[in-house]
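A structural model of the following input is requested.
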Amino acid sequence: MSTNGQQLQTGALSGERRQVTALFYDIVGSTALLQQLGPEEFGTLQRRLHNEAAVLISGNNGYLERVQGDGGCAYFGFPESSEDAAECAVTSALEMVARCQRMAQELGTGLKVRVGVATGLVVVADRSNTTLPGSGAEVIGIAPTLAARIQSEAEPNSVAVAEATYRLTSGAFEFEEIGVRELKGFGEPVRLWRPMARRQQSDRFTTYRRVSAPLVGRDDELELCRRRWTRATSGNGQLVFLRGDPGIGKSRLVTEFRRNLAGEGADILVFQCQPRGNTDPLHPFLEPIRQAAAKAANDVEPDREAVIRFLESLGVGELNAEIVAFLLAGKAQGLPGESWQVDLSDEEIRARAVEAVLAVVTSSSASGPVLMVIEDLHWADTLTTALVARLPEWIESRPVLAIATSRDPIDLEYLGDPNVLAMALSGLTAQATSELLARIWEVAPPDGLAAFVYEKSDGVPLFAEQLALLLRERATGSVQDRPGWEGLLREGHVINLQDLIAARLAGLGQLRRVAQIASVLGREFGRKLLVALLEPEPLPVPLDEVIERLVQAGILRRISAGATIRFRHVLIQEAAYDSLLKSERREIHGRIVRLVQTGSVSSLPDETMAWHFDQAGQPLEAARHAIRAAEACGVRSAMHEADRLLDFAEKQLAQADESGDANDLLLRLLTIRGPVAAALFGRGGEQARSIYERGVSLCAERVDQDRAKWFPLYWGWWFTAPDYETQRARSDILVRDLEGSADPEVRLQSLHCAWATNEDAGLHAHCLKCVEDGLKLYDESRARFSRGRYGGHDAKVCGLGERAFSLWFMGDDAGSSESIDAAKQWAEHINHLNSVLHALEFEIELKRYRNDYAGVIAVADRISELAQAMPGVLTKAALFRAWAHGLNGNAAAGLSQFEAGLARQREIATYEGAPIYEGMRAELFVRAGRNDEALSILDGAIAASTRSGQVFWLAELLRQRALLRHARHESEEAIAMDLRRALEVGADQHAVALVSRVRQELERLGLQAQAPDA
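Purely as a prediction, here's the structure:
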């Protein structure tokens, strides 16, 4: 064969066999669309679609092999192998449809796509020894052809996947069956499925094993744990990490180790991270603490005082007891926090919460050794992760052995510590698998069965155990060899561990129905709730007997004296859940929420109710409960958890019908999301700003809306304004819109915004009026909590400080001193550190206005004594100290210190004091004899001040520049222009102190006072 007279070299076929998932996509009705749009516009649209496809396929670890015309082909698991290739392919397909829909809406076209996905064994052939067109490797197999065929069977803007892909991803996505289709070139009909959405619940399964199953092949690991236990009992606390893949035997190893400690007098504590637990702060620890408090109080729902009494009885101290009781409350309770939180940052609150829980869970170590087990860290929330990171230091001198299990690698700075051990569990050997099989089979297993199970399970203990149980249950006397066992697996459609468990559930007969209904409750549930849920369902035997049979079958286990029941493995729970029809699931979820709503059963946590309402098809109520849970997380400074819950709530609201309730919930969501975004991404970030702007815009659309109800949105909108001019305009809107509010605290805080921005804008008379009106509304008891919500300092201290500034500018120096003294006295009276420092910040700036170098240094020293853990305040004090030293002593040293401090200030804090700092900086450059640089600084500061609207110091900056120009022997006209402009600015602001300075310079230099055009 030849092309253009040249012989093609095909070469011998070489490469490897590999499972690959292929994805084909195609524009629906491209010919009609081309006629409608024309070739140029259609070509642009087609190119954009291909670009979007390339980005998302690459982002999901796929390889876009080619695009041709209006379609394209991609592979997953090639060129690099990937365990989750099928899942990545389905994810890409769904994202492609979603992006296509957005493009169509954005461009106003009828653009639609179809996507086909298929998985299969292929040969990845090397073409390097050929002269065939193309380069690299060639994928040969059924999967690419099948994917190309089935994409045409998909509905427009939907995805069709083949049977193998469905089985590999059914745990990760919700599917609808399309049905059986005859495809060109395929002799047998092909069953197709449509992926609808990713499952809300996690598809991963925990490692809790049947306690009755034998432990084999773990002698070395048990011995290592025993050695660490010996060290711990001597008062040298130890932490052991067990890492391994699902089913590898982490929890089974821990269970066996616990059995070995029986009779040694150890206190054994087990804390279980749960699927979907990443939205529930410290969830593994709080529920066991709650149960212990309830038992001590002999009350299922003990009140706060009873909980605190129980916790104090453990010897953890009053403050720790209060903190843990607060964490146990589970709801925001309508308050922004508690007294212990008032002076703390989010990080400090999180640290206090972690330490308080640690104090409780390790309290028994005072009287004896403790084994603490923390299961499944891969499902941990951020506070639980922080607690584990704190453990090595916390238990260093306590008789505690902590064992934590996880599927994920451990990333912890303490891994090099001699008291920390990380163990990665490997799979079972063939010999260990044979031993396991023999002990499960009870009689001698058939010849070759051990090898068959080892081959199929790949050394995963859970898979080996479940496979052995299935074969024992289903194999008859005639099924005693490999073909028979293979036939049983094919009959049950078993290709992975999840299929295997589903096949075992199918063999339970009528018991399967109870397991299915129980699965809707989750991994763990109370017996009373199960009884109530099963009331409409006829049972063949009493419920307790059904539960016992399911326990014997290895499906369930009892805990807490039988009052609580848990699926032995989360994959068992998920397999039971997946076996229900979608309509059945929705009905059972609806039954659960009705039981809770009518009070027939105890209430469930808000995050759990949000999930049930979602699955029951009630998005508005799902959003309501998710927002409550997020608010509780926010109060506890669990911002990542709050953010996840708010994402969920917003998606639910997008599905809900338009209504007043939905709009109110969205506004409530935004009031919570603003502080969360500020904490996670920074207060000046675009994320927080856009949230507040959206909230205020929604309020403005509703003319009947009570503005005071959503004041936190307005305050955040003001606080995140992009510049001072915008901020001042927004403060005016706040005062205007809220002056009629019945809530005095809201009116006060609106004036709090106004006096700060008006002083910066040089509107001193307006600032004083806002302070006067605001302080009439001040209430000390309300202020205790408001200062944490609005700015972190007391409003009265702030008002008195701003008044001191404006009085000084307006020429009342004595009144200014009196007001700053009152601010400091009030801050001391309320004993609030942030407010004391806020008053001192006002004082140090006021002394700078007066050029009181010694006073500046004294206040800076006082701030340094108090602000040990507040780098922003410390850096600000250092700037003023460097300025004072530089102008009153060593100019070069002062300038060097100031420049270093200014760089640090820009890194860690907002630059709201820019006009003052730049003026101080220019003075230091002048003192150091660097006039050219000083002039450049002043030019920039004057331009920035004029541009931003932060003009309170503009007259002084202009005066400084005039004096510098005089020193540089510039023209009298340029000097006079600066001084005259300074005079105008100062006069407009009624800034008598600054006007007086300008007049003195005009007189000293013999220049005219009036403006040039006067």
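
Just want the most central residue of this structure.
Nearest to the mean C-alpha position of the chain, counting by C-alpha atoms, centre = their mean, stands H640 at 2.9 Å.

burial measure for the nearest residue to it once chain neighbours are set aside, as a count.
Leaving aside its chain neighbours, H640 sits nearest to T382 (4.6 Å; criterion: C-beta to C-beta, 6 or more residues apart in numbering). C-beta here means a position set from N, CA and C on the backbone, and glycine is covered the same way. The local packing of T382 (other C-beta atoms under 10 Å) involves 16 other residues.

I323 contacts A351, correct?
No. Using C-beta atoms under 8 Å, I323 makes no contact with A351, being 10.8 Å away.

So the two - more neighbours on which side?
Taking neighbours as other C-beta under 10 Å, I323 and A351 compare with I323 leading, 26 against 16.

returning to what we had before: ok, the residue nearest to H640 to A638 distance?
T382 sits at a distance of 7 Å from A638 (criterion: C-beta to C-beta, to the nearest Å).

Now list whatever residues contact both of these two.
Taking C-beta atoms under 8 Å, 6 or more residues apart in numbering as the criterion, T382 and A638 both touch P281.

Tell me which residues of stretch 603-620 come out buried.
For stretch 603-620, burial by neighbour count (16 or more other C-beta atoms under 10 Å) applies to 604-616, 618-620.

Contacts for that stretch, please.
200-201, 276, 279-280, 330-331, 520, 522, 585-586, 589-590, 592-593, 596, 621-626, 628-629, 632, 645, 648-649, 652-653, 655-657, 659, 661-662, 665.

E918: what's it in contact with?
Contacts here follow C-beta under 8 Å, 6+ apart; on that basis E918 touches I937, L938, G940, A941, A944, L957.

circling back to that earlier point, isn't there a strand covering the residue nearest to the centre of the chain?
No. Assigned with DSSP: H, G, I helix; E, B strand; the rest coil, H640 falls outside any strand and is helix.

wait, what's in contact with it?
Contacts of H640 by C-beta under 8 Å, 6+ apart are N278, D381, T382, L680.

Count the residues that sit near the second one.
Counted by other C-beta under 10 Å, the residues lying close to D381 total 23.

repeat for the last one
L680: 15 surrounding residues under other C-beta under 10 Å.

Now do the one helix or strand it maps to: which elements does it pack against?
For L680, the host element (DSSP states H and E) is helix 660-681. With contacts taken as 3 or more C-beta pairs under 8 Å, 6 or more residues apart in numbering; DSSP states H and E, helix 660-681 sits against helix 619-635, helix 639-655, helix 686-701, helix 711-719.

Narrow the contacts of H640 to those in helices?
T382, L680 (DSSP state H).

Take the contacts of H640 and lay them out in TSV including pLDDT and distance to G237.
Shown next, in TSV, are those (pLDDT from 0 to 100; distance: C-beta to C-beta, whole Å):
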residue	pLDDT	distance to G237
N278	72	27
D381	87	23
T382	86	23
L680	76	33
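
could the contacts of H640 be laid out in JSON lines, adding distance to E264?
Shown next, in JSON lines, are the contacts of H640 (distance: C-beta to C-beta, whole Å):
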{"residue": "N278", "distance to E264": "35"}
{"residue": "D381", "distance to E264": "32"}
{"residue": "T382", "distance to E264": "35"}
{"residue": "L680", "distance to E264": "45"}
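
Closest one to Q905 out of the contacts of H640, please.
Set against Q905, the nearest of the contacts of H640 by C-beta to C-beta is L680 (22.7 Å).

for that closest one, what are its contacts?
L680 touches M639, H640, D643, Q687, counting by C-beta under 8 Å, 6+ apart.

ok, now with 10 Å
L680 makes contact with D346, M639, H640, A642, D643, Q687, A688 under the criterion C-beta atoms under 10 Å, 6 or more residues apart in numbering.

again, but for F173
87, 90-91, 94, 159, 161, 165-166, 193-199, 203.

cool, and L807?
764, 767-768, 771, 813-820, 846, 993.

Just the buried residues of those.
Applying 16+ other C-beta under 10 Å to those flags H764, C767, L768, V771, G815, S816, S817, S819, I820, L846, A993 as buried.

can you redo these as CSV with distance to A424 and pLDDT?
Converted to CSV, those look like this (distance: C-beta to C-beta, whole Å; pLDDT from 0 to 100):
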residue, distance to A424, pLDDT
H764, 68, 94
C767, 64, 93
L768, 68, 96
V771, 64, 95
G815, 72, 96
S816, 68, 95
S817, 68, 96
S819, 66, 96
I820, 63, 96
L846, 62, 96
A993, 71, 95
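
F952: which of those is nearest?
Nearest to F952 out of the buried ones among the contacts of L807 is H764 (C-beta to C-beta; 8.0 Å).

So A118 sits against E153, correct?
No. Using C-beta atoms under 10 Å, A118 is not in contact with E153; the gap is 11.5 Å.

buried subset of the contacts of L680?
Buried among the contacts of L680 by 16+ other C-beta under 10 Å: D346, M639, H640, A642, D643, A688.

Farthest-apart pair in these, please.
H640 and A688 (15.5 Å).

From the contacts of L680, pick the one nearest P369.
H640 (34.0 Å).

which one of the buried residues of stretch 603-620 is nearest I268?
P605 (25.7 Å).

Roughly how far does the closest one sit from D280?
Counting by C-beta to C-beta, the gap from P605 to D280 is 7 Å.

How about F925?
The value you get for F925 to D280, if C-beta to C-beta is used, is 55 Å.

can you check V453 too?
V453 is 38 Å from D280, where distance means C-beta to C-beta.

Between those two, point out the one with more neighbours.
Each of V453 and D280 has its neighbours counted (other C-beta under 10 Å); D280 has more, 26 against 23.

give the contact list for the more buried one.
Residues near D280 by C-beta under 10 Å, 6+ apart: 273-274, 286-287, 330, 381, 383-384, 605-608, 629, 632-633, 638, 641, 645.

let's see it at 7 Å
Taking C-beta atoms under 7 Å, 6 or more residues apart in numbering, we find D280 in contact with D381, P605, E607, E641.

and if you look at A104?
G110, L111, K112.

mind listing which of those residues are in strands?
Among the contacts of A104, no member is found in strands (DSSP state E).

Where neighbours are concerned, which of these has the most?
Within those, most neighbours by other C-beta under 10 Å means L111, with 25 neighbours.

out of everything not next to it in sequence, what's closest to R644?
Per C-beta to C-beta, 6+ apart, closest to R644 is T279, 4.9 Å.

Sweet, I'm off.
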